[in-house]
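Give me a 3D structure for the following:
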Amino acid sequence: MMNFINKQNKYVVYALGALALAILPLLLQGMGNFWVRIADMALLYVLLALGLNIVVGYAGLLDLGFVAFFAIGAYMYGLLASPHLAESFAWIAASFPAGLHLPIYLVIPAAALLAGVLGILLGAPTLKLRGDYLAIVTLGFGEIIRVFLNNLDHPVNITNGPKGLNQIDSIKFFGLNLGKPLEIGSYTLNSVTQYFYLFLALVLVSVVICHRLERSRIGRAWMAIREDEIAAKAMGINTRNMKLLAFGMGATFGGVSGAMFAAFQGFVSPESFSLMESVMIVAMVVLGGIGHLPGVILGAVLLSALPEVLRWVSGVFDLQLLTGGRLDASILRQLLIALAMIIVMLLRPRGLWPAPEHGKSLQPAAK
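Coordinates of the predicted model:
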C-alpha cells in the first residue's frame with residue numbers, strides 16, 4: 001500500500017514539474033525575450049553538462065576540452081546550413097547556387113557523428129593517462145580545435161576565421177520554422193519560446209538516455225573504472241573499450257548541443273568556445289553533484305542562468321555607480337559568481353545535490 005502511495009506521489013510530482021516547465025516560457029515571454037533566451041541557453045548547458053557527466057561523472061575521466069565537441073557540432077551545422085561553403089568553393093556553388101541548406105535530419109546526425117568520432121580519436125591516445133595528465137591532454141585538444149577554427153580561413157576559407165559564420169539557417173521541420181513567430185489563434189509564440197520547447201524535449205530525451213546508461217551494464221562498468229581501474233580490469237572489464245565509449249558518447253551530446261546553439265544563434269565564431277567555457281561546464285558538473293543527474297542539471301541551470309541574472313541586477317541597481325565607479329558591472333558580476341561558487345564548495349563539498357552514498361545500509365547500526 002505504501003509503495004502504491006509513493007508511486008502516486010512520484011507521478012504527481014512529475015506531472016506538476018511537466019506543467020511548470022510547459023508554462024515557464026509563456027510566463028517569461030510576458031516579461032521579455034531576454035528571460036526566455038536565458039532559459040534556452042540554460043537548457044543547452046544542461047545538455048552539455050549531461051554529456052560531460054558521462055565522461056567525468058560516470059567514467060571518472062577528467063576532460064577539460066569538452067567545449068571542443070560543442071564547437072565541432074556548431075561549426076558542422078553552420079557549414080551545412082549556410083551559404084558559406086558555396087561562396088568559398090566553386091564546385092559546391094555549381095550544385096548549390098543558393099548555398100548548402102541541408103535539412104535538420106541530415107545536419108544534426110552529421111554533427112553528432114563527427115563529434116562522437118573525434119571524441120573516440122581523442123580518447124585513443126589518452127587511454128593510459130589519468131588525473132592531471134589526462135586533464136592537460138584534453139585541455140590541449142580543446143585549444144587546438146579553437147585555434148584551428150580561428151585560422152582555417154586561408155589558404156582555403158573553410159571556417160571564415162575569427163569573423164565566424166553567419167546567415168545560419170534556423171531549425172525547420174514539419175513545415176514549422178522556429179526562426180519565425182508562430183500564431184496560435186490570437187496568441188503568438190515567439191521564436192525563442194519555440195526553441196525552448198525543442199531544447200526541453202532534447203534534454204528530456206538525454207536524461208532518459210543517461211539514466212538508462214547509468215543503470216545498464218555499461219554504466220556499472222564505467223563506475224567500476226572510476227572507483228578503481230585496476231580492480232575493474234581484474235574483474236574482466238574491457239577498460240579500453242569502455243573509456244572510448246565514454247568519450248564517444250559524451251562527445252555526441254556535445255555535438256548535438258553545438259548544432260542547436262548554431263541554429264539558435266544564427267552565428268558562430270571561435271570566441272564562443274574558449275577555455276573558460278570548458279571550465280564552466282566542468283564546474284556545472286562538480287558544483288551540482290558529480291555523477292548525479294538531478295545535481296548536474298541543477299548545477300548547469302544555476303551556473304548558466306546566474307551570470308545573466310546578475311547582469312540584469314547590475315543594470316537595474318547600477319552597481320558601478322554604487323561602488324563609485326571603482327568596479328565595473330561585469331567585473332563585479334564575475335566576483336559574485338566566484339564568491340558563490342567558493343561558498344557552495346565549502347559548505348557542500350560533494351555538490352549541491354550529490355548522489356546518495358551507497359553502502360550505508362551495510363554498516364552496523366550504532367548501539
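
Show the contacting residues for the nearest residue to I108 once chain neighbours are set aside.
Setting aside the residues directly before and after it, I108 is nearest to A259 in space (C-beta to C-beta, 6 or more residues apart in numbering), at 5.4 Å. The way it works is simple: take the backbone N, C-alpha and C, and place the C-beta from them, glycine included. Neighbour list for A259: G73, A74, M76, Y77, V107, I108, A111, A112 [criterion: C-beta atoms under 8 Å, 6 or more residues apart in numbering].

Make a ChimeraX selection of the buried ones in those.
To isolate the buried ones among the contacts of A259 in ChimeraX, judged by 16 or more other C-beta atoms under 10 Å, type:
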select :73,74,76,77,107,108,111,112
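
Tabulate the contacts of A259 in a markdown table, adding columns for secondary structure and distance to F199.
Output for those, formatted as a markdown table (DSSP: H, G, I helix; E, B strand; the rest coil; distance: C-beta to C-beta, whole Å):
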| residue | secondary structure | distance to F199 |
| --- | --- | --- |
| G73 | helix | 14 |
| A74 | helix | 14 |
| M76 | helix | 18 |
| Y77 | helix | 14 |
| V107 | helix | 16 |
| I108 | helix | 13 |
| A111 | helix | 15 |
| A112 | helix | 15 |
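
Tell me the one of the contacts of A259 nearest S191?
Y77 (16.8 Å; C-beta to C-beta).

Report the rounded mean pLDDT for the longest helix along the chain.
Using DSSP state H to define each element, the chain has its longest helix at helix 2-31. Helix 2-31 shows a mean pLDDT of 80.

if we can go back for a sec, for the residue nearest to I108, give its distance to S186.
34 Å (C-beta to C-beta, to the nearest Å).

on that earlier part again, would you list the contacts of A259 in a markdown table and tack on pLDDT and distance to G123?
Formatted as a markdown table, the contacts of A259 follow (pLDDT from 0 to 100; distance: C-beta to C-beta, whole Å):
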| residue | pLDDT | distance to G123 |
| --- | --- | --- |
| G73 | 95 | 17 |
| A74 | 96 | 21 |
| M76 | 94 | 20 |
| Y77 | 94 | 23 |
| V107 | 89 | 25 |
| I108 | 90 | 23 |
| A111 | 92 | 19 |
| A112 | 93 | 16 |
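
returning to what we had before: distance check, the residue nearest to I108 against R37.
18 Å.

all strands of the stretch 151-300 of the chain, in order?
Ranges of strands in the stretch 151-300 of the chain, per DSSP state E, counting those that start in this stretch, are 172-173, 176-177, 182-184, 187-189.

Mind pulling up the pLDDT for the residue nearest the centre of the chain?
The chain has L48 as the residue nearest its centroid, 1.5 Å off, counting by C-alpha atoms, centre = their mean. Per-residue pLDDT puts L48 at 95.

In this structure it contacts M280, no?
No: L48 lies out of contact with M280 (C-beta atoms under 8 Å); the separation is 9.4 Å.

Now do the shared contacts for these two.
By C-beta under 8 Å, 6+ apart, no residue touches both L48 and M280.

Next, L352: secondary structure please.
Here L352 is recorded as coil under DSSP: H, G, I helix; E, B strand; the rest coil.

For the residue lying closest to A81 once chain neighbours are set aside, grab the count of nearby residues.
Distance criterion C-beta to C-beta, 6+ apart; nearest residue to A81, sequence neighbours excluded, is D169 at 4.1 Å. D169 is flanked by 23 other residues according to other C-beta atoms under 10 Å.

Relative to I92, how far out is D169?
From D169 to I92 the distance is 16 Å (C-beta to C-beta).

just A300 next, same as before
As judged by C-beta to C-beta, A300 and I92 stand 37 Å apart.

repeat for R348
Counting by C-beta to C-beta - R348 and I92 are separated by 52 Å.

residue contacts, L52?
Per C-beta under 8 Å, 6+ apart, neighbours of L52: D63, F66, G250, F253, G254, I281, V282, M284, V285.

Of these, which is the nearest to A98?
Among those, G254 lies closest to A98 (C-beta to C-beta), at 29.8 Å.

what's around that closest one, how many residues?
There are 32 residues near G254, going by other C-beta under 10 Å.

Over to the one 4 residues further on?
Counted with other C-beta under 10 Å, the burial measure for G258 works out to 31 neighbours.

surely it meets Y77?
Yes: contact between G258 and Y77 holds when scored by C-beta under 8 Å: they sit 7.1 Å apart.

Do you have the helices of the stretch 251-367 of the chain handy? List them.
Here the stretch 251-367 of the chain has its helices, by DSSP state H, counting those that start in this stretch, at 275-288, 293-317, 319-322, 329-347.

winner for burial among those helices?
helix 275-288 (a mean of 21; mean count of other C-beta atoms under 10 Å).

next one: it to chain centre, how far?
Distance of helix 275-288 from the chain centroid (C-alpha atoms, centre = their mean, to the nearest Å) equals 10 Å.

tilt between it and helix 329-347?
Angle, helix 275-288 to helix 329-347, by axes from the mean of the first three to the mean of the last three C-alpha atoms, to 10 degrees: 30 degrees.

Can you spell out which helices and strands pack onto helix 275-288?
helix 33-52, helix 67-80, helix 131-151, helix 293-317, helix 329-347 (3 or more C-beta pairs under 8 Å, 6 or more residues apart in numbering; DSSP states H and E).

Can you dump the C-alpha atoms of the shortest one in PDB for me?
Which is helix 67-80. Taking Å, rounded to 0.1, in the frame of the first residue of the first chain, the C-alpha atoms of helix 67-80 are listed here in PDB:
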ATOM      1  CA  VAL A  67      34.000  22.600 -25.400                       C
ATOM      2  CA  ALA A  68      35.800  21.300 -28.500                       C
ATOM      3  CA  PHE A  69      32.900  19.000 -29.300                       C
ATOM      4  CA  PHE A  70      30.500  21.800 -28.700                       C
ATOM      5  CA  ALA A  71      32.400  23.800 -31.300                       C
ATOM      6  CA  ILE A  72      32.600  20.900 -33.700                       C
ATOM      7  CA  GLY A  73      28.800  20.500 -33.600                       C
ATOM      8  CA  ALA A  74      28.200  24.200 -34.000                       C
ATOM      9  CA  TYR A  75      30.500  24.600 -37.000                       C
ATOM     10  CA  MET A  76      29.200  21.400 -38.700                       C
ATOM     11  CA  TYR A  77      25.700  22.900 -38.500                       C
ATOM     12  CA  GLY A  78      27.000  26.300 -39.600                       C
ATOM     13  CA  LEU A  79      28.800  24.900 -42.700                       C
ATOM     14  CA  LEU A  80      26.000  22.600 -43.800                       C
END
